[in-house]
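> coords please:
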Amino acid sequence: MDTQQKKAVDFSRSAISRYIQLATLFRRRIESGHWPLGSQIPTVEKLADECGVARATIRQALDLLEEEKLIERYRAKGTFVRRRPQEELWCAVATDWSGLLRPTHTAKIELLSEEAGVKLEHVAYQLGTLATSYCHLHRRHWRDGMPFLLTDVYVDERLRPKLTRQDFETKTALRLINDVEGVEIVDASQTLTIGMADLETAESLSMPLNAPVAFVHRRAIDRDGTALLVADGIYRGDVVRFDIKLR
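The predicted model follows:
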């Protein structure tokens, strides 16, 4: 046996369909430059042999990359890399208070739903004491025709009469409460975690299933220690960037 031969990846360790796992693997090869822009990728036969799967499974994975316009197939010529998933990280997420309040003029906010009287029993990364009830806003953020952020924003119900629909469609989560007259925010937090897009997220943000996403959790409390804001966002991983200054 050739000791230099690559060991096939064990795709059975995950419940996710093999072709989706393979699409993630191949997408990463393009993103990292292992498969350079304009280059011809290995044949279906070679990829099937390398990965230890059927040719049909490889074709399914390549179908996903073709739908994303990452590759192009040419009859009798082969398959070539058309573009990289991350050509530009244009969604810069602020990590300071003033930056989080700053509006993003090139982005538009779509209010998907609004629900009053929502009671929160448990909140991850909780800060302060939960309010009696909240106004829940489900929103989607767009830029240049691309959805890049899906959010669930919970605002203390007592503040709802001081907010308008225009506020919901133009203001960032923290700005919603910061601009309310008489409100004093004494503490706030932002927590970042990394994960993969589930079916609903992938559909809402027009991205591949199981592609990387960034989960951002924001919390703000008033002088009484009440959580005036609980906001959870999901950013597309292929456009988001976090810049953190070290001093």
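
> Show me how this structure divides into domains.
Using automatic domain parsing, the domain ranges for the chain come out as 11-81, 91-242.

> Quick one: those as a markdown table, columns for mean neighbour count and mean pLDDT too.
The way it works is simple: take the backbone N, C-alpha and C, and place the C-beta from them, glycine included. Listed next are the domains of the chain as a markdown table, based on neighbours: other Cβ atoms under 10 Å; pLDDT from 0 to 100:
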| stretch | mean neighbour count | mean pLDDT |
| --- | --- | --- |
| domain 11-81 | 16 | 88 |
| domain 91-242 | 16 | 89 |
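
> what secondary structure does the closest residue to residue 229 other than its chain neighbours sit in?
In space, and not counting its chain neighbours, residue 229 is closest to residue 220: 4.3 Å by Cβ to Cβ, 6 or more residues apart in numbering. When classified by DSSP: H, G, I helix; E, B strand; the rest coil, residue 220 comes out as strand.

> Would you agree residue 220 is in contact with residue 153?
No. At 11.1 Å, residue 220 and residue 153 do not qualify as touching, with contact defined as Cβ atoms under 8 Å.

> Give me the distance between residue 52 and residue 62.
17 Å (Cβ to Cβ, to the nearest Å).

> again, but for residue 215
With the distance defined as Cβ to Cβ, residue 215 ends up 29 Å from residue 62.

> what separates stretch 146-165 from the chain centre, distance-wise?
Remark: stretch 146-165 is offset 19 Å from the chain centroid, using Cα atoms, centre = their mean, to the nearest Å.

> Identify the residues contacting residue 180.
By Cβ atoms under 8 Å, 6 or more residues apart in numbering, the contact set of residue 180 is 159, 162-163.

> That one looks like it's in a strand, true?
No. Counting by three-state DSSP, residue 180 is not found in a strand; it is coil.

> Would you mind giving both backbone torsions of it?
Backbone torsions of residue 180, given as degrees, to the nearest 10, read phi -70, psi 120.

> swap in residue 204?
Main-chain torsions, residue 204, degrees, to the nearest 10: phi -70, psi -30.

> Enumerate every residue touching it.
Contacts of residue 204 (Cβ under 8 Å, 6+ apart): 140, 147, 150.

> Where is the longest helix in this protein?
Secondary structure of the chain per DSSP state H: the longest helix is helix 18-32.

> Send over that one as CSV, restricted to the C-alpha atoms.
Below are the C-alpha coordinates for helix 18-32, written out as CSV (Å, rounded to 0.1, in the frame of the first residue of the first chain):
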residue,chain,number,x,y,z
ARG,A,18,-22.2,13.9,2.7
TYR,A,19,-22.6,16.1,-0.3
ILE,A,20,-23.2,19.1,1.9
GLN,A,21,-20.1,18.2,3.9
LEU,A,22,-18.2,17.9,0.7
ALA,A,23,-19.5,21.3,-0.6
THR,A,24,-18.2,22.9,2.6
LEU,A,25,-14.8,21.2,2.1
PHE,A,26,-14.6,22.3,-1.5
ARG,A,27,-15.8,25.8,-0.7
ARG,A,28,-13.0,26.1,1.8
ARG,A,29,-10.4,25.0,-0.7
ILE,A,30,-11.5,27.8,-3.0
GLU,A,31,-11.6,30.3,-0.2
SER,A,32,-8.1,29.5,1.0
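
> need the contacts of residue 204 in JSON lines with distance to residue 189 and secondary structure, can you?
Listed next are the contacts of residue 204 as JSON lines, based on distance: Cβ to Cβ, whole Å; DSSP: H, G, I helix; E, B strand; the rest coil:
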{"residue": "140", "distance to residue 189": "24", "secondary structure": "strand"}
{"residue": "147", "distance to residue 189": "26", "secondary structure": "strand"}
{"residue": "150", "distance to residue 189": "20", "secondary structure": "strand"}
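
> Thanks again, I'm all set now.
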